[in-house]
Structures are given as structure tokens and as C-alpha cells.
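> Could you work out the structure for the sequence below:
(chains A and B)
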Amino acid sequence: NAGVTQTPKFRVLKTGQSMTLLCAQDMNHEYMYWYRQDPGMGLRLIHYSVGEGTTAKGEVPDGYNVSRLKKQNFLLGLESAAPSQTSVYFCASSWGQGTDTQYFGPGTRLTVL
Amino acid sequence: AQSVAQPEDQVNVAEGNPLTVKCTYSVSGNPYLFWYVQYPNRGLQFLLKYITGDNLVKGSYGFEAEFNKSQTSFHLKKPSALVSDSALYFCAVRPFSGAGSYQLTFGKGTKLSVIP
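Predicted coordinates for the structure are as follows:
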């Protein structure tokens, strides 16, 4: 039982390049989330999904797209990377909302030059 | 919209002394409250949560938190700090219902340093 895994762990992009971050969970969770963590700002929600085939915007969705084609996977895409997207990205999953605990992946450190 | 304040960027405590990491929140209606810990270069790990009932919640690694509705606070505590407790601690809130109930809102984090 690996929990929540993220690929890749590190990535350096040039401005304007695109990339996809992959999140996978093996806990059969319905809900999945993408956060970004910046120094002194805590974690901010980018997008989330309440089930296979669904996505919704979070607090800071601009510049990102997501897809949830399979229940266990949640992809985060950057179509044209900008230096402001330099951050650490965390994926999380949970059974549902409310009282349910979110379980986090190890993170992806992205640098955009 | 809900919000969380962690008023201290850093807390220093001597090993063996009690520790407190402060958290206050703002939310419409009843809150669900969480504490997470992050060790360097790692993801967040769940420590404990308050749902309802007893205001004192016990969690992992000897941590506990006290919910105070009148002061809208959820401070994290431990009776005796260990050097291995040194990490970044996040408080988070989620409303019981409504549009924001999908979203877990985090504080900015408090860096705890336990001095040997």
C-alpha cells in the first residue's frame, strides 16, 4: 500500500514550456486535490475532484488544468509555465469531504526559469 | 470564506518542556479542525482532528489539541517536547457544510524548533 505517490519529484522548466504532474493513490479515495506550497503562504488549493470524470477550481486555478480520467489518478497540467509557478506541488486524497482526513503525497518541486 | 491564523512563524522550546503551537480560525457554522506536520522535504502528515464532542483531542506522537469555541482557537500541545518534534506545523479548517466544505483551508505554518 503506497498511499499517495507523485511523479516526478523534481523538475526544472523554462518559461513557456509545458508539463504534466501525475498523482496516483491506491486507497480507493473518491476525492483528490492539488495544492501548491510557497514560503510563508501555507498550502493553497489549485483544483480538486470529487470523483472520476469531475474537476473543480480551487483558490488559485489560473494557469493550471487538471484531469481525472481514472479514479486513482489526478493529473495537473501547466500549458505555458511561468516563473510565478515555481513552487512545491502536493497532491492529496480523501474518502470524502467534511471530517475525512486528507492524505498527502511527497510533493514535486518545480522550478521555472 | 474560512480562514486560519497561526500567529507565530516560529516557536522555540527546550527539550522536555511543554510546547504549544497556536491556531485561531474563522468559519461559518461549525468547524472541522485539523493539525498536520511536515518534516523537511516531505509531504504533510496528519496528526489529529476535531469533529465534535470532547474539546480535548488526542493524536499521534503524544500531541493533543484543545478546541475552544468561544475563542475560536485550536491550539496544539504536547507535555514534553522531543528534538524529533522539530518540524513545520499546519492548522487547517473546513466548514461543516456549504460551498466551502470541499476546501481544507490551511494556516501559513509554524516552525517548531526543539532545542536539546
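> what about the strands in the chain?
Went with chain A since none was named. Under the criterion DSSP state E, chain A contains strands at A:4-7, A:10-13, A:19-25, A:31-37, A:43-49, A:56-57, A:65-67, A:73-78, A:87-94, A:103-104, A:108-112.
> switch to chain B, that's the one I care about
Assigned by DSSP E, chain B shows strands spanning B:3-5, B:10-14, B:19-21, B:24-26, B:31-38, B:44-50, B:56-58, B:64-68, B:73-78, B:87-95, B:105-106, B:110-115.
> Okay, now the unreliable bits of chain B?
B:99-100 (pLDDT under 70).
> What residues does it have near chain A?
B:4, B:9, B:32, B:34, B:36, B:41-46, B:49, B:51, B:90, B:94, B:96, B:101-104, B:106-109 (CB under 8 Å from any CB of the partner chain). Every residue, glycine included, has its C-beta placed from N, CA and C.
> run the last query once more with 6 Å
Proximity of chain B to chain A, by CB under 6 Å from any CB of the partner chain, involves residues B:32, B:43-44, B:46, B:51, B:101-104, B:106-109.
> nearest to A:Asp38, of the strands of chain B?
Among the strands of chain B, the nearest to A:Asp38 by CB to CB is strand B:105-106 (11.6 Å).
> for that closest one, packing partners?
Applying 3 or more CB pairs under 6 Å, 6 or more residues apart in numbering or on different chains; DSSP states H and E, one finds that strand B:105-106 contacts strand B:87-95.
> one more time with 10 Å, if that's ok
Contact here means 3 or more CB pairs under 10 Å, 6 or more residues apart in numbering or on different chains; DSSP states H and E; on that basis strand B:105-106 packs against strand A:43-49, strand B:3-5, strand B:87-95.
> for those, which one sits closest to A:Asp62?
The nearest among those, by CB to CB, is strand A:43-49 at 9.2 Å.
> The closest one vs chain B: in contact?
Yes. Using CB under 10 Å from any CB of the partner chain, strand A:43-49 reaches chain B at A:43-45, A:48.
> From those, pick the one nearest chain B.
The closest of the residues of strand A:43-49 next to chain B to chain B turns out to be A:Leu43 (CB to the nearest CB; 4.5 Å).
> what does chain A have sitting close to chain B?
So chain A meets chain B at A:3-4, A:6, A:9, A:31, A:33, A:35, A:37-45, A:48, A:50, A:56, A:58-59, A:88, A:90-92, A:94, A:96-107, A:109 (CB under 10 Å from any CB).
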